[in-house]
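Peer 1: The amino acid sequence is not available; the structure is as follows:
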Ligand SMILES: Nc1ncnc2c1ncn2[C@@H]1O[C@H](COP(=O)(O)OP(=O)(O)OP(=O)(O)O)[C@@H](O)[C@H]1O
């Protein structure tokens, strides 16, 4: 809901546009010049409205706003620097106003138009060297008036910003972020000391803070690399361990890198669940995009399943595997059914399942997440994304995406747990390389299954019963017809009784949904830890070999709908 910010915006104009209210934000999507998508403001077109007043920093809290047209009005005051932190912003036009103060530096992804007009922009108000403000008496008077007005407006803007951010974030004071140095603001070269806490308690870090935390993004700190960047371990000043994902140079990649960055923030800012990775904050500096997550000390599931010794790990016991599977099922079920907006992960795989100190799992990497269509419906993706081996047949062939796409991928992960083999292993023969296709033929054969199990398991009779149950579930999750695959809730119910500490999922969700309002960053990380105890569109080439992945060789898939026919799925 953008109501609070819209009211602040209405109050910053004198008078506001004709049908805008300064007392009620009801129906703000219907206000003149406002366009919304899913109830969130996406375009504000207030061009030529004769507006007098200032640009409210509250605009910065409209996190879905893409375009702002404030040109050809009579606005005074400065352009709030907070606007440069807006992750969704692509265009801002403030030309032909009477704005003063510093010219803010927007990221390269934002088209910033401030000329013609705004003759005093770039000069501090009242500067005697400013054209038109010479030593004449009238010039001096004008300059003093401008200066007083600017100070008053800046103060008003500052008060509005404090109130709006406080109200939206329900964080009583930024200073409550104990020991976290979020100085130097968003890292636009200015040495800001104010901390910024944005929607959902997400912290806006300065690049300098993250640079220090990661030892200047040193090679020794690298935790892994994916298709869109490198992840570094880091330690904040208060000793909080974090993982920092440094996106590849955004100007060098297509829009999709930006989309991934935006999607992670949009989803993870709203989601708090013990089995979903916690996003602590982010940083934007020119073309630099950084995401800051809670640190997961035991790496990703793939590293523990496939050649664990290579990563310095012992093989997982069966009990650990089932517990991890249940954690993942809980996390994905939450995403599908309980999160504020039902979503599809679309890139579930063992390298996106991260493990904490206690070997409990969290689902990560939400860059490809997509809002799910209403129950029973589906949408067709024109830009497919995911990783070979985990891709559901209907998704690969026709782009049909439902939550069952994640169920299929989950089934593939279960098969990796059973066999200790990669979902797609190019080293093997064609019949064996695609794990789901190969194992599906064996999975229901109680005599043959023991032969293909991960050799490190050595199950006794009781464990074997559990293995058969999980194998059956894996087969069910990966059936060819999406409608015959179960919902994630079913997987939770199958796996729950197999582990000791089973609790009904809805009870768990209730506890976990509680967002950590008013908690310090350190407390939030600690809480997430405690809770743990219980692509860019690449059309050429169509297949991008993701040889940087820490799980070894994988093949990422990105292609446009017109190229669907070029791809031969392995299971046909
Ligand atoms: N919060 C974290 N804590 C610890 N390690 C992490 C964290 N996030 C990521 N990693 C490590 O960094 C690796 C790379 O992560 P990233 O999300 O960039 O790529 P990926 O998921 O492996 O591949 P892709 O993004 O191409 O799908 C992960 O596989 C994991 O080992």
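Peer 2: Arrived safely. None of the values given here were measured: they were computed from a predicted structure. Numbers count the residues shown, from 1 in each chain.

Peer 1: right, and residue 319 touches residue 467 too?
Peer 2: No - counting by C-beta atoms under 8 Å, residue 319 stays clear of residue 467, with 11.3 Å between them. (Glycine included, C-beta is placed from N, CA and C.)

Peer 1: These two: which has the busier surroundings?
Peer 2: Neighbour count, other C-beta atoms under 10 Å: between residue 319 and residue 467, residue 467 has more, with 22 against 14.

Peer 1: which SSE is that one in?
Peer 2: Taking DSSP states H and E as the definition, residue 467 sits inside helix 461-477.

Peer 1: and that helix, what other elements does it pack with?
Peer 2: Judged by 3 or more C-beta pairs under 8 Å, 6 or more residues apart in numbering; DSSP states H and E, the packing partners of helix 461-477 are helix 318-333, helix 404-419, helix 449-452, helix 488-495.

Peer 1: One more pass at 10 Å, please.
Peer 2: Of the remaining helices and strands, those touching helix 461-477 by 3 or more C-beta pairs under 10 Å, 6 or more residues apart in numbering; DSSP states H and E are helix 318-333, helix 404-419, helix 435-440, helix 449-452, helix 488-495.

Peer 1: quick one: the last one to chain centroid distance?
Peer 2: Averaging C-alpha positions (C-alpha atoms, centre = their mean, to the nearest Å) puts helix 488-495 26 Å from its chain's average.

Peer 1: Report the rounded mean pLDDT for it.
Peer 2: The pLDDT scores in helix 488-495 average 96.

Peer 1: try stretch 351-369
Peer 2: 93.

Peer 1: what about it, distance to the chain center?
Peer 2: Worked out by C-alpha atoms, centre = their mean, stretch 351-369 lies 13 Å from the chain centre.

Peer 1: got the angle for the helix holding residue 467 vs helix 404-419?
Peer 2: Between the axes of helix 461-477 and helix 404-419, defined by axes from the mean of the first three to the mean of the last three C-alpha atoms, to 10 degrees, the angle is 150 degrees.

Peer 1: Which of the helices and strands packed on helix 461-477 sits closest to the ligand?
Peer 2: Each of the helices and strands packed on helix 461-477 was scored for nearness to the ligand using C-beta to the nearest ligand atom, and the closest is helix 404-419 (11.8 Å).

Peer 1: Kindly report the residues of this structure close to the ligand.
Peer 2: Residues of the chain lying close to the ligand (C-beta under 6 Å from any ligand atom) are 223-229, 231, 243, 245, 277, 293, 295-296, 299-300, 347, 351-352, 354, 364-365, 546, 549-550, 556.

Peer 1: which residues of the stretch 201-350 of the chain fall in strands?
Peer 2: Applying DSSP state E, counting those that start in this stretch to the stretch 201-350 of the chain gives strands spanning 203-204, 222-226, 229-235, 241-247, 279-285, 288-294, 343-344.

Peer 1: Could I get the average pLDDT for the second one?
Peer 2: Okay, so that is strand 222-226. 90.

Peer 1: likewise the fifth one?
Peer 2: Taken as a whole, strand 279-285 has an average pLDDT of 86.

Peer 1: Against which helices or strands is it packed?
Peer 2: Counting by 3+ C-beta pairs under 10 Å, 6+ apart, strand 279-285 packs on strand 203-204, helix 207-213, strand 241-247, helix 255-268, strand 288-294, helix 521-533.

Peer 1: Which neighbours do residue 319 and residue 467 have in common?
Peer 2: By C-beta atoms under 10 Å, 6 or more residues apart in numbering, residue 319 and residue 467 have these common neighbours: residue 498.

Peer 1: and residue 371, what does it touch?
Peer 2: Counting by C-beta under 10 Å, 6+ apart, residue 371 has contacts 38, 266, 267, 341, 342, 343, 344, 379.

Peer 1: Kind regards, and thank you for your time.
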